[in-house]
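Student: Below are the sequence and a predicted model for it; my questions follow.
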Protein chains: 2
Amino acid sequence: MTTKTDNWLGAMADHVLEHGLNTASLRPLAKAAGTSDRMLIYHFGNKDGVIAALLTHLAQRFTDALDANSTATVATHADLVADVIAFQRRPEMAGFLRVWFDIVAASAHGQSPHIRTGQQIIAGFVDWIAARLPKDDPTPHKTAKSLLTVIEGMAVMDALGQSDLADAALATLLLPGENHHSR
Amino acid sequence: MTTKTDNWLGAMADHVLEHGLNTASLRPLAKAAGTSDRMLIYHFGNKDGVIAALLTHLAQRFTDALDANSTATVATHADLVADVIAFQRRPEMAGFLRVWFDIVAASAHGQSPHIRTGQQIIAGFVDWIAARLPKDDPTPHKTAKSLLTVIEGMAVMDALGQSDLADAALATLLLPGENHHSR
DNA sequence: CCGCAAATGTAGCGACCGCTACAAGGAGAA
DNA sequence: TTCTCCTTGTAGCGGTCGCTACATTTGCGG
């Protein structure tokens, strides 16, 4: 059964996806959940408890969104990365991207719950990518990590309104033909 | 000559590099600058003016830090990226990284001054990389954009405490030998 | 010196923050 | 019913926020 606090978390997550995580405060969160700040403190202990619960809920939501978009395996690394980027650029994913960079920024400031959630999301993302890699990859997990790093870099460029720069990276890095210098 | 507000900006930038940009408020900023919130509002109009001035100052500082670290050209893309990452991982750059992700997060939320500053920093960074590329690169600017995208992805992984993941990406993406699937 | 405008200090406003004291429901056990 | 404990509403505390009204000082041109 879904508990009352679970319902709250769903509504609060919607609010956070719309308005941001790091600027969220108790009274607006409570209003979005149809309750009061008094109750949030009562059931989660303090604001940190609310944020921690929200973070795990959001991580679960992101994993679910990935699985719901579970495409078949693709032929090339470039195709896979292009698919993921196209997925991230869908309008309904904009909220996730906003919250994602809120998490990354908080992690850069050393906030432990955010770091843990970020690692959790990364781990799920790596698995999801590895499962969709061409079957002949001898080290799919390692390949997935590399591709995800590129994807994150492209997401940064997208956030800065530099999607063209992200696309250039995709073309240069992952398409055969032009290649790298040896020593 | 350096104006009074310039001195303020330097001190406020120090404060922001230490304590974060998005959580900065007027009174602590003023204290760091040796003045009062009253004066910040008087000389910059409002808080947005203070932040905007701080953003351009910080962008200039980052560019200066890059130029001060102006190494010679390197032999391979992997070497160049590895150098940049080693540079970003130096302890004295930690504040910049924190502020950088504050800027990225704010950009993801659509805050125009942050987006503009982010683009400015990216542009300077691309130029800096392009100038250090092996001389035989036919399209150094384009190559620099791709490498910077990887660097940003690695920086995200670093912020999340996943430096090993970043290193794996560097090894797989930019080292010759193992390579990519064709269609 | 005077006059005046720029610069600065002091004090505080109204709003929001996280959180808490206190009392009142509300449901189940005796 | 009555007792008890979990839950909830009301009200407000002390603090910080961005910002402003008002008075005072400072420095410069005449």
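Tutor: That came through, no problem. Residues are numbered from 1 along each chain as shown, chains lettered A, B, ... in the order given.

Student: For the rest of this, base every contact and every neighbour count on C-alpha atoms.
Tutor: Fine.

Student: mind listing what residue A:165 touches?
Tutor: By CA atoms under 8 Å, 6 or more residues apart in numbering or on different chains, the residues touching residue A:165 are A:154, A:157, B:145, B:146, B:149.

Student: Could you double-check that the second one lies in contact with residue B:148?
Tutor: No - applying CA atoms under 8 Å, one finds residue A:157 not in contact with residue B:148, separated by 9.6 Å.

Student: Report the backbone C-alpha coordinates of the one helix or strand residue A:94 maps to in PDB.
Tutor: Taking DSSP states H and E as the criterion, the element that holds residue A:94 is helix A:94-108. Written as PDB, here are the backbone C-alpha positions of helix A:94-108 (Å, rounded to 0.1, in the frame of the first residue of the first chain):
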ATOM      1  CA  ALA A  94      13.500  19.300 -18.600                       C
ATOM      2  CA  GLY A  95      12.500  19.100 -15.000                       C
ATOM      3  CA  PHE A  96      14.700  16.200 -14.400                       C
ATOM      4  CA  LEU A  97      17.700  17.900 -16.000                       C
ATOM      5  CA  ARG A  98      17.100  21.000 -13.800                       C
ATOM      6  CA  VAL A  99      17.000  18.900 -10.700                       C
ATOM      7  CA  TRP A 100      20.000  16.800 -11.900                       C
ATOM      8  CA  PHE A 101      22.200  19.900 -12.000                       C
ATOM      9  CA  ASP A 102      20.900  21.000  -8.600                       C
ATOM     10  CA  ILE A 103      22.100  17.600  -7.300                       C
ATOM     11  CA  VAL A 104      25.400  18.000  -9.100                       C
ATOM     12  CA  ALA A 105      25.900  21.500  -7.700                       C
ATOM     13  CA  ALA A 106      25.000  20.400  -4.200                       C
ATOM     14  CA  SER A 107      27.400  17.500  -4.600                       C
ATOM     15  CA  ALA A 108      30.200  19.800  -5.600                       C
END
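
Student: Show me what it is packed against.
Tutor: Packing partners of helix A:94-108 (3 or more CA pairs under 8 Å, 6 or more residues apart in numbering or on different chains; DSSP states H and E): helix A:4-19, helix A:112-131, helix B:94-108, helix B:140-159.

Student: For that helix, what does the pLDDT average out to?
Tutor: Helix A:94-108 shows a mean pLDDT of 98.

Student: now do stretch A:2-11
Tutor: 91.

Student: Can I get that stretch as CSV, trimmed to CA atoms?
Tutor: The C-alpha trace of stretch A:2-11 is given here as CSV (Å, rounded to 0.1, in the frame of the first residue of the first chain):
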residue,chain,number,x,y,z
THR,A,2,1.1,3.5,-0.6
THR,A,3,1.5,5.4,2.7
LYS,A,4,0.5,8.9,3.2
THR,A,5,4.1,10.2,3.2
ASP,A,6,4.6,8.4,-0.1
ASN,A,7,1.8,10.5,-1.6
TRP,A,8,3.4,13.6,-0.2
LEU,A,9,6.7,12.7,-1.7
GLY,A,10,5.1,12.3,-5.2
ALA,A,11,3.5,15.7,-5.0
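
Student: Run through who's touching that stretch.
Tutor: For stretch A:2-11, the external contacting residues (CA under 8 Å, 6+ apart) are A:32, A:33, A:34, A:43, A:53, A:54, A:57.

Student: Next step: those residues restricted to helices.
Tutor: Mapping the contacts of stretch A:2-11 onto helices (DSSP state H) picks out A:32, A:33, A:43, A:53, A:54, A:57.

Student: For residue B:12, state which of those is nearest.
Tutor: Distance to residue B:12, by CA to CA, is smallest for residue A:54 among the ones in helices among the contacts of stretch A:2-11, at 32.7 Å.

Student: And that closest one, how far from chain B?
Tutor: 18 Å (CA to the nearest CA, to the nearest Å).

Student: Who are the contact partners of that residue?
Tutor: Counted by CA under 8 Å, 6+ apart, residue A:54 has contacts A:9, A:12, A:13.

Student: And it, how far from DNA strand D?
Tutor: As defined by CA to the nearest atom of the strand, to the nearest Å, residue A:54 lies at a distance of 18 Å from DNA strand D.
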